[in-house]
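> This is a predicted model, with the sequence first.
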Amino acid sequence: MPTTDDRVLFDVDRDKRIATITLNNPAQRNSYDAAMRDALERCLDQVAEDDDLTVVLLRGADGVFSTGADMNNAYAWYGEENSPQARRRPSQRRRLTVDRRTFGFYHNFMGFPKVTVGEISGYALGGGFELALMCDIAVIGRDAKIGMPATRFLGPALGSLHMFFHRLGPVLARRLLLTGDIIEAGSVEHLGVFTETCDPAMVGPRARYWAEKAAKMPADGVVIAKEAFRLVEQSQAYQGEEVASYLFHAFGTNLQFAPGEFNFVKTRAEHGTKEAFRLRDEHFHVPEPEPR
């Protein structure tokens, strides 16, 4: 086993040449903190280094893929849980250092040398949405909720901007980033954002189908293809992606809020995380106009 963190489960089917990684934090809708992300990274490293594995299937426990980074203690990402960095607003230099590592993880996942298959159910928000979009093959339920709601309190430059514009297209990317809206995957099925959009009950079987299909390809051929794909995307779509992502994320986490703007960190400190999310949604709600 590559990890002792039971919030990340790792299983290998050597006959099928498939490794399965399961985000196992259902009480938090499979959100992840820095330690959980590091455990996921160790699992991926083991798959990358194992010549007998061709595919990694990434999924979430209890019918939820992932709601992204754990916001219960946002500043804990910038230091140990009980360290001074976790108890005070981090410096800009600390933000840049930590965010460079964070987006290094996403960058490496996007260029992962084996086939990545995403089993996307329930919610894929924030970093979970990014992982879903970065998978080579992604199967998603029509009722799955997708989006980047954290842009409502960290700014619309949050996340892997090159990847959003390349995978979603500029119109949908701007819509999701500039509003923080959460939408159902079925509403964008016609855009072909994901490999397959299907009934919720079929997400698991269909993802396994695609994993087994990809695993039958020649292993060396897959690695060569993945490197070729990475080079083409880097030259055409992702040039400067990693630097832009961590740089603007670090700036975004240091936003100054004007009177009347919603400050999630301050609201959470005053009212708790659950109430802060409710107040966030209340603040950003705009009623649809009545038809005439």
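Sure thing, it's come through. Numbers count the residues shown, from 1 in each chain.

> give me the element the nearest residue to Gly204 once chain neighbours are set aside is part of.
Nearest in space to Gly204, with sequence neighbours left out and distances taken as CB to CB, 6 or more residues apart in numbering, is Glu119 at 6.0 Å. C-beta: built from backbone N, CA, C; applies to glycine. Glu119 is part of strand 115-120 when elements are defined by DSSP states H and E.

> isn't Leu125 right up against Thr151?
No. Proximity of Leu125 to Thr151 does not meet the contact threshold set by CB atoms under 8 Å, at 10.9 Å.

> circling back to that earlier point, for the residue nearest to Gly204, give me its contacts.
Neighbouring residues of Glu119 by CB atoms under 8 Å, 6 or more residues apart in numbering: 57-60, 65, 139, 203-204, 207-208.

> so of these, which ones are in helices?
The members of these that map onto helices under DSSP state H are 203-204, 207-208.

> Of the residues you listed, grab the buried ones for ChimeraX.
Buried residues within these, by 16 or more other CB atoms under 10 Å, are selected in ChimeraX with:
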select :203,204,207,208
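
> can you redo the ones in helices among the contacts of Glu119 as a markdown table with distance to Leu96?
As requested, these are arranged in a markdown table below (distance: CB to CB, whole Å):
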| residue | distance to Leu96 |
| --- | --- |
| Val203 | 37 |
| Gly204 | 39 |
| Ala207 | 36 |
| Arg208 | 40 |
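
> Check the gap between the residue nearest to Gly204 and Val56 for me.
As defined by CB to CB, to the nearest Å, Glu119 lies at a distance of 11 Å from Val56.

> In terms of helices and strands, where is Glu242?
Element membership for Glu242, per DSSP H and E: helix 241-252.

> quick one: the helices in the chain?
All helices of the chain, identified by DSSP H, fall at 34-49, 84-87, 92-110, 127-134, 151-154, 161-168, 170-179, 203-215, 219-236, 241-252, 264-271, 273-284.

> Just want the angle from the last one to helix 170-179.
Between helix 273-284 and helix 170-179, the angle comes out at 120 degrees (axes from the mean of the first three to the mean of the last three CA atoms, to 10 degrees).

> And the third one, by the same measure?
Between helix 92-110 and helix 170-179, the angle formed by their directions is 140 degrees, by the same axes, to 10 degrees.

> in terms of contact, does Leu154 touch His249 like I think?
Yes. Checked against CB under 8 Å, the pair Leu154 and His249 is within contact range at 7.5 Å.

> Could you check the pLDDT of Tyr75?
Reading off the confidence values, Tyr75 has pLDDT 60.

> low pLDDT regions in the stretch 151-292 of the chain?
When the per-residue scores of the stretch 151-292 of the chain are filtered using pLDDT under 70, no range remains.

> Out of the contacts of Glu119, which comes closest to Lys145?
Of all the contacts of Glu119, Lys145 sits closest to Phe65, with 9.8 Å by CB to CB.

> That closest one: what's it in contact with?
With contact set as CB under 8 Å, 6+ apart, Phe65 has these partners: 23, 30, 59, 118-124, 128, 131-132, 144.
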